[in-house]
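*Asks:* no sequence for this one, just the structure:
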């Protein structure tokens, strides 16, 4: 089952403790409902309620995440609303990544994401054509040179 968000409307100024958004939810390419969060720390609402149950079938197959808080380990299951929240966060990261790559070189070093100063289109193109760019930046990866999906994984991991 492929779950996607489309027509995401996000409000940065209204996002306080959680993302303030509204998005349509598509399952296997067909609109199935919508989700929203008012950004005040509450859970994400999924409509219609049956859609929550459908998404639960998918999230029940995701293994729990193990999170450490000091010396304590906790096991956290993925709920349908937290799954939708993760999709929203990923969509926001993708938007930021694409915007930044238009004027900067983004690269990773030791699992952190760095960016160059703002470049003109000509400077950016010339830099990305440089065969020694990775060595010059002392980079593990240059995100601009990767497929967007792969760059997004590294970008999101470096932002965490």
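*Replies:* Structure received. As the structure is a prediction and not an experimental result, all values here were calculated from the model.
*Asks:* number of nearby residues for residue 17?
*Replies:* Residue 17 has 10 neighbours, counted by other C-beta atoms under 10 Å. Backbone N, C-alpha and C define where each C-beta goes, glycine included.
*Asks:* in this structure residue 111 contacts residue 159, no?
*Replies:* No. Look at residue 111 against residue 159 with C-beta atoms under 8 Å: they stay out of range, at 10.9 Å.
*Asks:* higher neighbour count, the two?
*Replies:* residue 159 (13 against 10).
*Asks:* distance of that one from residue 32?
*Replies:* Look at residue 159 and residue 32: by C-beta to C-beta, to the nearest Å, they are 29 Å apart.
*Asks:* residue 13 now?
*Replies:* Distance from residue 13 to residue 32, by C-beta to C-beta: 29 Å.
*Asks:* between the two, who's got more neighbours?
*Replies:* Neighbour count, other C-beta under 10 Å: between residue 13 and residue 32, residue 32 has more, with 18 against 7.
*Asks:* wait, isn't that one in contact with residue 52?
*Replies:* No. Assessed by C-beta under 8 Å, residue 32 is found out of contact with residue 52, at 10.6 Å.
*Asks:* what pLDDT does residue 94 get?
*Replies:* The score at residue 94 is 96. That number is its pLDDT.
*Asks:* show the contacting residues for the residue nearest to it when sequence neighbours are not counted.
*Replies:* Nearest in space to residue 94, with sequence neighbours left out and distances taken as C-beta to C-beta, 6 or more residues apart in numbering, is residue 152 at 5.4 Å. Neighbouring residues of residue 152 by C-beta atoms under 8 Å, 6 or more residues apart in numbering: 90, 93, 94, 97.
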